[in-house]
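> Build the 3D model from these lines:
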Amino acid sequence: SILGGCCFRQFQTHFIEIAFLAVRSVHQIQGNGTRLMNHMKEYAKSIGVHYFLTYADNHAIGYFKRQGFTKHLSFPKAQWNGFIKDYDGGSLMGCKLFENINYLDLGTCLEELAQKVWDDLMHCRPPEEAYEGLDFSDGVAKGTLQGQMSSIITSVSKKPFGKERGHVDKYSGFVS
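Reported below is the predicted structural model:
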């Protein structure tokens, strides 16, 4: 049986207007609309189109936002103005397609991106100071504890605290 469908128009100015997209009610809230849109995105990329436009009614705005559409268009108005019909009660929304994203394997792409961001953050993080440990081999602590403690106290005392650090207690509004 048919789960849903998409009616669209391709224009010579390298965009596609999604005129109608629907999923049968018994097949909604299962990811089928997202799956359909992701196949549309890959098809569009395969024919050299990198932008979607649609007029979304109030009930569909949330769906289109989840699919990457926004009301703030980055596609030049001169390339679509006069081509698509203006619908009363609808919001014009657009979606830029990225060549380096495989929309059919979006989960893996997002995991790789998150890992790259994490790796970059860890690379930018200043190295933590490491202190030589104490030797307890004969039951008594031996080491340069005194020197370690003075350097730890010095480094802690230089850090901002409370109001200077910008910490605000979210429950009371007071600076702690």
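> what ranges do the strands span in this structure?
With DSSP state E as the definition, the chain shows strands at residue ranges 4-11, 15-23, 51-56, 91-96.
> Point out the other elements, helices or strands, that the third one touches.
Just to be clear, that refers to strand 51-56. Here strand 51-56 touches strand 15-23, helix 32-46, helix 61-66, strand 91-96, going by 3 or more Cβ pairs under 8 Å, 6 or more residues apart in numbering; DSSP states H and E. In short, each C-beta sits where N, CA and C put it, glycine included.
> Which parts of the third one count as buried, going by neighbours?
For helix 61-66, a neighbour-count test (16 or more other Cβ atoms under 10 Å) marks 63-64 as buried.
> if we can go back for a sec, I'd like the strands of the chain laid out as TSV, including mean pLDDT and distance to Arg125.
Shown next, in TSV, are the strands of the chain (pLDDT from 0 to 100; distance: least, Cβ to Cβ, whole Å):
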stretch	mean pLDDT	distance to Arg125
strand 4-11	91	45
strand 15-23	91	42
strand 51-56	93	38
strand 91-96	93	32
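> Just say which of these is most tucked in.
Highest mean neighbour count among the strands of the chain (mean count of other Cβ atoms under 10 Å): strand 51-56, with a mean of 22.
> what is the orientation angle of that strand with helix 32-46?
Per axes from the mean of the first three to the mean of the last three Cα atoms, to 10 degrees, the angle that strand 51-56 makes with helix 32-46 is 140 degrees.
> any chance of the strands of the chain in TSV, plus distance to Asp138?
Formatted as TSV, the strands of the chain follow (distance: least, Cβ to Cβ, whole Å):
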stretch	distance to Asp138
strand 4-11	76
strand 15-23	74
strand 51-56	74
strand 91-96	68
